[in-house]
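Asks: Got a predicted structure here, sequence first:
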Amino acid sequence: MTAKAEKLMDAVYACVGACNHCYEACLQEEAIDMLRACIRSNKDCADICTNVLAYKGREEFLDYDLVKLCENSCQACAKDCEEHEDMEHCQKCAKACNDCAEACHDYINA
């Protein structure tokens, strides 16, 4: 696996973990109604990132459109999580999503 693919997979893996953690933590919050968009974004982003991870070791088959979809999903999830400044899990998720979006961008444009 090339260095750029390894960087991508590491970021995607971290993003899946952060999104799943944020998803579960949001479900435990009392103000769940204000977190609906965040919860949905967490789940969507984790699912798309998981699809990218399925290509680990098969870089020659990794579709740039899938990586672009992952980048867009990560950006949307980060935006939703950033709105919840008082929730540490959302802020950690936003960082992981932004890092993943950057790795996706670098992979596509390298």
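Replies: Nice, I can see it.
Asks: only C-alpha atoms for contact and neighbour calcs from this point on.
Replies: OK.
Asks: Quick check: which helices or strands does the longest helix seen in the chain pack against?
Replies: Counting residues, the longest helix in the chain under DSSP state H turns out to be helix 3-28. For helix 3-28, the elements it packs on are helix 36-53, helix 88-109, judged by 3 or more CA pairs under 8 Å, 6 or more residues apart in numbering; DSSP states H and E.
Asks: do you know which of the ones you listed lies nearest K4?
Replies: For K4, the closest of the helices and strands packed on helix 3-28 is helix 88-109, at 6.0 Å, according to CA to CA.
Asks: buried set for that closest one?
Replies: Buried residues in helix 88-109, counted by 16 or more other CA atoms under 10 Å: 89-105, 107-108.
Asks: Show me the contact partners of that helix.
Replies: Helix 88-109 is contacted by residues 4-5, 7-8, 11-12, 14-15, 18-19, 21-22, 25, 64, 67-68, 70-72, 74-75, 77-79, 81-82, 84-85 when judged by CA atoms under 8 Å, 6 or more residues apart in numbering.
Asks: Stretch 10-28 too?
Replies: Residues outside stretch 10-28 that contact it (CA under 8 Å, 6+ apart): 32, 35, 38-39, 42-43, 45-47, 49-50, 52-53, 89-90, 92-93, 96-97, 99-100, 103.
Asks: Using PDB, list the CA coordinates for stretch 72-92.
Replies: The C-alpha trace of stretch 72-92 is given here as PDB (Å, rounded to 0.1, in the frame of the first residue of the first chain):
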ATOM      1  CA  ASN A  72     -18.100  15.400   1.400                       C
ATOM      2  CA  SER A  73     -19.700  13.200   4.100                       C
ATOM      3  CA  CYS A  74     -16.900  14.000   6.500                       C
ATOM      4  CA  GLN A  75     -17.200  17.700   5.800                       C
ATOM      5  CA  ALA A  76     -21.000  17.600   6.500                       C
ATOM      6  CA  CYS A  77     -20.600  15.600   9.700                       C
ATOM      7  CA  ALA A  78     -17.800  18.000  10.900                       C
ATOM      8  CA  LYS A  79     -20.100  21.000  10.300                       C
ATOM      9  CA  ASP A  80     -23.000  19.400  12.200                       C
ATOM     10  CA  CYS A  81     -20.700  18.400  15.100                       C
ATOM     11  CA  GLU A  82     -19.000  21.800  15.300                       C
ATOM     12  CA  GLU A  83     -22.400  23.400  16.200                       C
ATOM     13  CA  HIS A  84     -22.300  21.600  19.600                       C
ATOM     14  CA  GLU A  85     -19.400  23.500  21.100                       C
ATOM     15  CA  ASP A  86     -20.200  22.300  24.600                       C
ATOM     16  CA  MET A  87     -20.100  18.600  23.800                       C
ATOM     17  CA  GLU A  88     -16.600  17.100  23.900                       C
ATOM     18  CA  HIS A  89     -17.600  14.100  21.800                       C
ATOM     19  CA  CYS A  90     -18.900  16.300  19.000                       C
ATOM     20  CA  GLN A  91     -15.800  18.400  19.000                       C
ATOM     21  CA  LYS A  92     -13.600  15.300  18.800                       C
END
